[in-house]
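Engineer: Structure of the sequence below:
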Amino acid sequence: MQKNLLLKSLFIIAVLLIFIYGIFGIPKGFTLDALKESLLHRISLGLDLKGGTHLILEVKVNDAVNTETDHAVELLKEELQKLNITADINKPDPNNHPEQIVIKGISTDASTQLRTIVNENEQLRTYDLAGSGDTYTLTLKPNIVNDVRNRAVEQSKEAIDLRVNTLGVTEPLVEEHGVGNNQILVQLPGVDDITRVKTIIKSTARLQLHQAFGTAEGWPSEEAARNYYGGVLPANTMLMHGHDVNSRNRDEDRVYVIARVPVVSGTDIRHAEQSRDEYGKPDVVFNMSAAAGRKFAQFTAAHNEKTIPPDPNRFLAIVLDETVREAASIRDEIRDNVSITGGFTEQSANDLAMLLNSGALPASIRYIEETTVGPSLGYDSIRKGVEAAIVGMLAVMVFMLIYYKGAGINADLALLLNLVILLGFMGFSGATLTLPGIAGVILTVGMGVDSNVLIFERIREELRHGKAPSAAVDQGFARAWTTILDTHVTTIVSAFILFIFGTGPVKGFAVTLTFGLLANLFTAVFVSRVIFDAILTRKQRGESLSI
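Structural biologist: Have a look, this model is predicted:
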């Protein structure tokens, strides 16, 4: 009996030391400040305790659907043009019905060819074709629309998460918010430059390389650009505004004529980094995938200053977020590296490189909710939460001592060990402590006391029936065990549901409550029993139990 009790006691001490290490690690000293620093280093504080920003963003998923159907429009125009079929192709309501494409002016003979194009083209097979006469409607299939929307939210979440992590934000939270709302929750603890972060998050950074026509300097107005071509733009081109970075006035608006279909898109970029141009000024250099590099090399080989005869449209426009960032003459074949120059600072060049590496957002976003928690408010939350935990725990411990006498010491020791195990678990797992998490800790204390009350009352009942202290303790623990297990399992199931469907702070509450309950099963049943056994071994036969 004594040997078995010694082994159990050593096991409890080992558990205690392990979780104390989980709380503090190896502190730099044993002063109060050193221990506090070690504690805060091991246990991360959430947004509501550390301060920071809470954002809810809505992904405009119709933008992604519009991009999908825009590609289909261009593809359809190209295919019909190959067959010398003229038709008016447009999207009548891109805001409310981005999945619809209307084709007008189709002759009876051409309608058969249109159906053949839709049925045989892999990309167009995802559309339903309906209509008669000279008007037909292409509608993206509902399951494809849902896939595009869901993918837009998921890709946006991944891109935002990568951007936030690249900024070095400690313990950021980026996750989907709500069900079917196309929303993303972003929490950034300790952020001190919220304006920059919001700009980085919202920027689409959609980079594309287009062939430019006429000139690399652009024109001062859309009218001037059209007049250059006699009022009719070249086929498959469009107008786009931008800035001439080589001019003295870089803020002057310029209009460029560029090809509708890009030579290279943002998805072809593999790595971007901040560099310096030949004059020592910041620029951004990026390279492309192997397939895109080959395609780009073929394009630049056919459109550069050295071709014979020289190509009149040997220009390349670098388009960022629907704005021409730079346009230049292609001097020679370009295979791998492309540079973007003009008007960068060190930070803006770094930011652009980071955005290109994180990938373009598939759709634009808007801010639905923004809440900022200042460090002082976070500090006040910590102070109030810790005060509540200490006062609540002391009140419970004093009550147990008064009501259960000597056995109350047993319960208080179990409660203290429960708290150590819970905090040690948070230190080991890297879990973030939030204000609801502190509430979970306090609730765990209450559940721990509840278990002790069940056990102690069972022991009292057995003693009133005339049983010896050792037999009363055996029966008390045995009969209370089923009830304790039932209450803990049902509460853990509820906490698990909160963890699955809740957001960050709610998940913090669920995590602390769940592990606190598991720790409570160990302390209230195993540790408390070992303490009772240690007390009983020192009592004389017939001596009463203080409970």
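Engineer: Could you tell me the per-residue confidence at residue 418?
Structural biologist: The model reports residue 418 with a pLDDT of 86.
Engineer: Now it: which helix or strand?
Structural biologist: helix 406-429 (DSSP states H and E).
Engineer: chain center to that helix, what's the gap?
Structural biologist: The chain centre lies 34 Å from the centre of helix 406-429; the measure is CA atoms, centre = their mean, to the nearest Å.
Engineer: Name the SS class of residue 80, please.
Structural biologist: For residue 80, the assignment made with DSSP: H, G, I helix; E, B strand; the rest coil gives helix.
Engineer: 767 is where my numbering starts, stick with that
Structural biologist: In the new numbering, first residue 767, that becomes residue 846.
Engineer: How much space separates it from residue 1215?
Structural biologist: According to CB to CB, to the nearest Å, residue 846 and residue 1215 sit 78 Å apart. To be clear about C-beta, it is placed using only N, CA and C from the backbone, and glycine gets the same treatment.
Engineer: Which parts of the stretch 1117-1266 of the chain are helices?
Structural biologist: 1141-1170, 1172-1195, 1201-1230, 1235-1267 (DSSP state H, counting those that start in this stretch).
Engineer: Skip the chain neighbours and tell me the closest residue to the residue nearest the centre of the chain.
Structural biologist: What sits nearest the mean C-alpha location of the chain, by CA atoms, centre = their mean, is residue 940, with 2.4 Å. Nearest-residue entry for residue 940: residue 927, 4.1 Å, with adjacent residues in sequence omitted and distances by CB to CB, 6 or more residues apart in numbering.
Engineer: For the helix or strand that the one you found is a member of, which residues meet the burial criterion?
Structural biologist: For residue 927, the host element (DSSP H and E) is helix 908-932. Within helix 908-932, the residues that count as buried by 16 or more other CB atoms under 10 Å are 911, 914-915, 918-919, 921-923, 925-930, 932.
Engineer: ok, residue 846 and residue 1215, which is more surrounded?
Structural biologist: residue 1215 (22 against 19; other CB atoms under 10 Å).
Engineer: Pretty sure that one sits against residue 1162.
Structural biologist: Yes: using CB atoms under 8 Å, residue 1215 is in contact with residue 1162, at 5.2 Å.
Engineer: So for these two, which residues contact both of them?
Structural biologist: Both residue 1215 and residue 1162 are contacted by residue 1181, under the criterion CB atoms under 8 Å, 6 or more residues apart in numbering.
Engineer: Can you spell out which helices and strands pack onto the helix holding residue 927?
Structural biologist: strand 818-825, helix 827-848, strand 939-943, strand 949-955, helix 960-968, helix 1112-1124 (3 or more CB pairs under 8 Å, 6 or more residues apart in numbering; DSSP states H and E).
Engineer: Mean pLDDT and distance to residue 1069 for those - can I get that in CSV?
Structural biologist: Shown next, in CSV, are the helices and strands packed on helix 908-932 (pLDDT from 0 to 100; distance: least, CB to CB, whole Å):
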stretch, mean pLDDT, distance to residue 1069
strand 818-825, 84, 37
helix 827-848, 85, 19
strand 939-943, 83, 41
strand 949-955, 84, 41
helix 960-968, 73, 34
helix 1112-1124, 70, 24
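Engineer: Which one of these lies nearest to residue 1172?
Structural biologist: strand 949-955 (45.3 Å; CB to CB).
Engineer: Just give the strands next to the closest one in its sheet, each with its orientation.
Structural biologist: strand 818-825 (antiparallel), strand 939-943 (antiparallel) (DSSP bridges).
Engineer: Restricting to C-alpha, output that strand in PDB.
Structural biologist: Taking C-alpha atoms only, strand 949-955 is exported to PDB below (Å, rounded to 0.1, in the frame of the first residue of the first chain):
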ATOM      1  CA  GLN A 949     -17.300  36.700 -45.300                       C
ATOM      2  CA  ILE A 950     -13.800  36.400 -43.800                       C
ATOM      3  CA  LEU A 951     -12.800  37.200 -40.200                       C
ATOM      4  CA  VAL A 952      -9.400  38.800 -39.700                       C
ATOM      5  CA  GLN A 953      -7.900  39.400 -36.200                       C
ATOM      6  CA  LEU A 954      -4.600  41.100 -35.900                       C
ATOM      7  CA  PRO A 955      -3.200  41.300 -32.400                       C
END
